[in-house]
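Trainee: quick one, structure for this:
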Amino acid sequence: MNVRRSAAVLAAVAVIGAATPAAADTSPSPSPSRAPLPSALYGDGDPQYDGVWRQSLALLAQHTAGVEPPKAAVDWLAGQQCADGSFAPYRADTAEACDAKTTVDTNQTAAAVQALAALGGHDDVTKKAVGWLKSAQNEDGGWGYVAGGASDTNSTSVVIGALAATGEKPAEVKKDGKSPYDALLTLALPCEGDGAGAFAFQPDKKGGLVANADATAAGVLGSLGAGLAVEPGKGEAKAAACEKADGPEQAAANGAAYLADALAEDGHLTSALPGAEDQPDYGNTADAVVALAAQGSAEQAGKSLAWLEKNAADWATKSGPAAYAQLILAAHATGADPRDFGGTDLVKQLGATGPAAAGKSAETKSAEKDEKKDESESDSGFGVWWFVGVCLVAGIGIGFLISGRAKKQQP
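Mentor: This is a model prediction of the structure:
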C-alpha cells in the first residue's frame, strides 16, 4: 500500500483486527459519508479513514503553489483536534469529545501539524499535537501508526517531518535514550542481499527486513529530517554505491539509490494485486520523486516526474484531492510548474475539489459521489479495501495495529 500516503488502509485494518470473532458486531458501522459532508472538506469520498490526511495534503500542496487556502478549510482541519492534541481521520461532530473509541493516530496528527505549521497562526494546535506525538513515542525512538503500536518507517518519518516543521530537533526527541533516527536505522536494509539499501516498513514475523518502496521513500525523507513538502533547488547528489549506514544521512543516500534503481527501467514503481497484472503505482512514484529530489538525485527525479506528467492525469482525476496534492508536491520538489503538468493545471483541479466548489447543490454532490464510488474504491492511490488486500497478502506486519488498538490512546 501507500502506507503513509493512504492512512485509510491502516485504519481499516485496525478496525478489522479490533473485533474478536466471539464478540464481533456483524451490523455495518455507521459511515460519516451517509451524512452530508462539511463544505470545507476537500473531496467527496468517505472521509472516515483519511479526512484529516487528505485535507492536510491539500492545504500543504496549495501552500507550496502560493495559493492561500480557504479559511474555512483551515479552520475545519484545526477543529478536528482532540483535547489531548491528537487527530482522528474524521470527526463528524467535533462538539462530542474524543474518547477511547475515537481512532486517533500518529499519521493524521503529524500530517495536520505539517500543514498547519506551514500555514502559520495555529501554534496552540501544533504545540498540543507535538506534545501528544512525543507521548506516543516508542522505546526504540520511533512511532507506530497508533500509540502503542510497533514502530514503522512511514509513521516514524511523517512524525519527524512534524517535529522539524515546528522547530523541534528530531535527533533530540528521545525515549529511553533513542531518537527517531535510531529507529529508522534499525529498519534500513544492509548493503548485501535483496533490497540493498532500502527501508522495510516493519520487520516481518521472523524479524527479517523486506524492502518496501513506499517505506523507502518515507525513510529517505525521515532520515533527512524532511517533511511531506520539499523545497526545490538542491544540487545533484553524487552517484555512489551502497555503504554501511552509520548514520541517517548515509541511510538516506542508500535509500535514494535503491529508489533510483527501481525507477530506472520504466520511470515508475509497480504495484499488483494477487492474480492481477502488474500496474503502475502512481502515488508511490510521486512519493519517490519527492524523496529523490530531497536527497539531490535530480536526474532520476526529473525522469520519473516526466513519466507522471504523461500518465498520471486520469489517476488523479479518479483519486481526488490527495492524489492531486501528491503530484503538486512532486512537481514542487523538482522545480516544475504544477499549473502546467503535462498540460493540466493541478492547482486549479485541486482547488475545485474543496470549498471553491461548494456552490454545487447537495443533490449534485450526492450524484457525483455515487458515480465515483466504484472508481474510488479501485483507485491504486487511496482505495481502502484494495490496500487492505495488498497489506494482508504482502504480510508487512499488521499485528501491531490489532494489539495497538487494544491499548488505544487516551482521550
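Trainee: which parts of the helix or strand hosting A253 are buried?
Mentor: Using DSSP states H and E, A253 falls within helix 248-264. For helix 248-264, a neighbour-count test (16 or more other C-beta atoms under 10 Å) marks 248, 250-260, 262-263 as buried. Where you see a C-beta, it was placed from the backbone N, CA and C, and this is true even at glycine.
Trainee: name the next helix or strand downstream of that helix, please.
Mentor: Where DSSP H and E defines the elements, the next helix or strand beyond helix 248-264 is strand 269-271.
Trainee: and that next one, which strands flank it?
Mentor: Here strand 269-271 has these sheet partners by DSSP bridges: strand 279-281 (antiparallel).
Trainee: how about the strand it pairs with, which residues are buried there?
Mentor: Residues of strand 279-281 classed as buried: 280-281 (neighbour count, 16+ other C-beta under 10 Å).
Trainee: and A95, how far from G79?
Mentor: Applying C-beta to C-beta, to the nearest Å, the value for A95 to G79 is 10 Å.
Trainee: higher neighbour count, those two?
Mentor: G79 (12 against 5; other C-beta atoms under 10 Å).
Trainee: tell me the mean pLDDT for the host helix or strand of D314?
Mentor: Using DSSP H and E, D314 sits within helix 313-319. Helix 313-319 shows a mean pLDDT of 96.
Trainee: list the helices and strands it packs on?
Mentor: For helix 313-319, the contact count by 3 or more C-beta pairs under 8 Å, 6 or more residues apart in numbering; DSSP states H and E identifies helix 282-295, helix 321-334, helix 346-351, helix 362-378 as packing neighbours.
Trainee: mind giving me JSON lines with the buried residues of helix 248-264 and columns for pLDDT?
Mentor: Below are the buried residues of helix 248-264 laid out as JSON lines (pLDDT from 0 to 100):
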{"residue": "P248", "pLDDT": "97"}
{"residue": "Q250", "pLDDT": "97"}
{"residue": "A251", "pLDDT": "97"}
{"residue": "A252", "pLDDT": "97"}
{"residue": "A253", "pLDDT": "97"}
{"residue": "N254", "pLDDT": "97"}
{"residue": "G255", "pLDDT": "97"}
{"residue": "A256", "pLDDT": "97"}
{"residue": "A257", "pLDDT": "96"}
{"residue": "Y258", "pLDDT": "97"}
{"residue": "L259", "pLDDT": "97"}
{"residue": "A260", "pLDDT": "96"}
{"residue": "A262", "pLDDT": "96"}
{"residue": "L263", "pLDDT": "97"}
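Trainee: between those residues, which sits nearest T270?
Mentor: Within the buried residues of helix 248-264, the smallest distance to T270 is 8.7 Å, found for A262 (C-beta to C-beta).
Trainee: wait, that closest one sits on N212?
Mentor: No - the pair A262 / N212 is not scored as a contact, 10.9 Å apart, by C-beta atoms under 8 Å.
Trainee: any residues in contact with both of those two?
Mentor: With contacts defined as C-beta atoms under 8 Å, 6 or more residues apart in numbering, no residue is shared by A262 and N212.
Trainee: who are the neighbours in contact with L269?
Mentor: Contacts here follow C-beta under 8 Å, 6+ apart; on that basis L269 touches 213, 262-263, 280-281, 284-285, 288.
Trainee: can you do 10 Å?
Mentor: For L269, the contact set (C-beta atoms under 10 Å, 6 or more residues apart in numbering) comprises 213-214, 216-217, 259, 262-263, 280-288, 304.
Trainee: quick check: beta-bridge partners of it?
Mentor: For L269, the beta-bridge partners under DSSP bridges are D281.
Trainee: same question for stretch 63-75: list its buried residues.
Mentor: When burial is assessed from 16+ other C-beta under 10 Å, stretch 63-75 yields the following buried residues: 63-65, 69-70, 73-74.
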